[in-house]
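> the following block contains a protein sequence and its predicted model.
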Amino acid sequence: MLQYRIKYLYFCLLLSMSCMTQLIAAPYTALGYTPKYAKKFTHFDYVNPDAPRQGELTLYSLGNFNSFNPFLLKSTPAEGLGNLVFESLMVASKDEPFSMYGLLANDIRLAKDKLSVTFRLNPKARFSDGSKVTAEDVKFSFDILKSKQVHPQYRIFWADIKEAKVIKKDTIRFYFVKVNPELHLIAGQIPIFSKQFLEGKVFNKVINEPLLASGPYTIEKSKQGKFVTYKRNPDYWANELNTRKGMFNFNKITFKYYKDTSVALEALKAGDFDFMAVHNSKEWARSYVGGKFESGEILKQELPHENNAGMQGFIFNLRRPIFQDINVRKAINLAFDFEWANKNLFYEQYARCDSYFSNSELASSGLPSKAELALLTPFKDKLPAEIFTQAWQPASTLAPNSLRANLRQAKRLLTNAGWVLKDGVLQKEGMRLEFSVMLAQQAFERILAPFARNLKKLGIILNYRTVDLSLYQRRMETFDFDMTVTVFSQSQSPGNEMVSKWHSSTVEQEGSSNLIGLNDPIIDHLIEKAIYAPNRQALVTAIHALDRVLLQGEYLVPNWYTGLHRIAFWKKFGQPKTVPLYYNVSTWMMETWWMSDQTDKAAPPTKTE
């Protein structure tokens, strides 16, 4: 359900109100700019409003599932629940930085003191059984999601929302702990489910029974480890709503489960499912070939996006004693040869992550600005001196650098830190410089093998193992790993979600995203500066300063990113002519494509201007 946390750009408040007509969801709200879509817009630009609603879509997922309740900590929910079954009060557009438009709610009003927000529900809003969505349902959903019965991510994300009160049957008000520029918007992202359906039930015990919600689909059938099928509700309440027009066009959507992407690729070629987003550069370059591709029965596309790439990396778990020395982390970083990997393993398809906010204006660069220094200088005696004197760059082997020179530098760092080679392994105070990397995808093993060889030259032992996805999830939730691969994904406007990732308040909170184990009051301070920034420029400044502190901490070995979505699919779909700016390609496909005649020769998608 992390999609309910997706947020986009700009932090000055502009709130527009309008009256509701029969088919118009209003009003709308944005931060710092006038929303793109006019009061009486009929549909988003990245949909086809005349798309036929027909046919069945089959997709794939990896691993397994054991729950139809996506809000719990110790469960693996079925794929698709968040997009297909649950809805929120408002919905973000995919081609604006941070604009929200009415869905279950048709009116939003922020109090003058900005300490509360009031939503009025759309009188047409219905759950899938036909019962009306009421303010009591909204309050009930919020109270559950703030309770200890659910995944702690929700309590963390909505920590500054103090309570919800029912004002009228169709009106709900949220009260805030303090002024926070984004709270009224993220309040609109709360997923809503039926109070009446759950009466007499313990929420965290409702696992195998689907929750009653208002989305366009319900679960038709399923088999654990095999598949889950969703059926479109023919009486879906928002069929003609402007924020749903041209969307959810398949009568049925089935997710089939596979053990890994290699097996899934063969299943795609065999026609077992219809669409695949490709994240493996080697497979994209070498495996998406053959008769079905040559004949045009299976198509390949590379679609542009302007998503904030965030940071992917091999992260150090600072809860492990060997990683608490920054010299060890720096030395390990120096042994990773990205340039060699990009040429020999990735077919030069990637750029190196050089920021926790890569591919966006939020990425720091050069030396700190005057405004950034105002945030950093008070902590000068506690920060690395390099923050103030040089721009951080990931270790590189491009000339005049070389792997040999980097390994020599790493050896000096380790020697100066007191590590001594004994029996072929660096040791210090009874500790061996040996660790394991826990993987969820076997494809990473080919990347770690040369990395491990480089580290062995220094006397560092790197082991790696791919584990079952359910075991991987449990160990991640309890921080039971030395190193792993993760992505700190980012929106165009980072805010409350950073608390879960890097704030000290979440370091011991099982299920949080603070996988590194960060417990630094300076990072806490900069996160809070960003969250409560009074305008966009103050946000950018705070994020730049935060980025510098995170980078100089050497908390991970930076990986890579691409500005393209790579997809393969059977030639039986129609696509909207316009691609949004900020989007998950699998979600966009599932929400906006449609089943079409195979001879459909619609123009290929183009990037939004």
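That came in fine, so what should we check first? Keep in mind that what you see is a predicted model, and the values were worked out from it rather than measured.
> tell me how far the residue nearest to residue 89 when sequence neighbours are not counted lies from residue 179.
Nearest residue to residue 89, sequence neighbours excluded (Cβ to Cβ, 6 or more residues apart in numbering): residue 105, at 4.0 Å. (Each C-beta comes from the backbone N, C-alpha and C, glycine too.) Look at residue 105 and residue 179: by Cβ to Cβ, to the nearest Å, they are 22 Å apart.
> ditto for residue 439
43 Å.
> ok, the two, which is more surrounded?
residue 439 (20 against 12; other Cβ atoms under 10 Å).
> what's the mean pLDDT across stretch 338-349?
In this model, stretch 338-349 has an average pLDDT of 96.
> so how far is it from its chain's centroid?
25 Å (Cα atoms, centre = their mean, to the nearest Å).
> please apply the same query to stretch 268-283.
Taking the mean C-alpha point of stretch 268-283 and that of its whole chain, the gap between them comes to 21 Å (Cα atoms, centre = their mean).
> please identify the buried residues of that stretch?
Residues of stretch 268-283 classed as buried under the neighbour-count rule (16 or more other Cβ atoms under 10 Å) are 268-269, 273-278, 280-281, 283.
> what does stretch 257-268 give?
In terms of neighbour count (16+ other Cβ under 10 Å), stretch 257-268 has its buried residues at 257-258, 261, 264-265, 267-268.
> what residues does that stretch touch?
When contacts are defined by Cβ atoms under 8 Å, 6 or more residues apart in numbering, stretch 257-268 is touched by residues 60-65, 79, 225-227, 256, 273, 276, 279-280, 283, 287-288, 298, 441-443, 568.
> so, low pLDDT: which residues of this protein?
Low-confidence regions of the chain, defined by pLDDT under 70, span residues 1-27, 30-33, 598-609.
> which SS class is residue 262?
Using DSSP: H, G, I helix; E, B strand; the rest coil, the structure places residue 262 in helix.
> got it, and residue 426?
Note that with three-state DSSP, the state of residue 426 is strand.
> let me see the ranges of the strands in the stretch 401-550 of the chain.
Secondary structure of the stretch 401-550 of the chain (DSSP state E, counting those that start in this stretch): strands located at 420-422, 425-428, 431-432, 434-439, 461-466, 483-488.
> would you format those strands as a markdown table with distance to residue 183 included?
Conversion of the strands of the stretch 401-550 of the chain to a markdown table gives the following (distance: least, Cβ to Cβ, whole Å):
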| stretch | distance to residue 183 |
| --- | --- |
| strand 420-422 | 53 |
| strand 425-428 | 47 |
| strand 431-432 | 45 |
| strand 434-439 | 36 |
| strand 461-466 | 40 |
| strand 483-488 | 22 |
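> out of those strands, which comes closest to residue 525?
strand 483-488 (19.0 Å; Cβ to Cβ).
> could I get the buried residue list for that closest one?
For strand 483-488, a neighbour-count test (16+ other Cβ under 10 Å) marks 483-486, 488 as buried.
> can you give me the distance of residue 286 to residue 345?
Residue 286 sits 11 Å away from residue 345, going by Cβ to Cβ.
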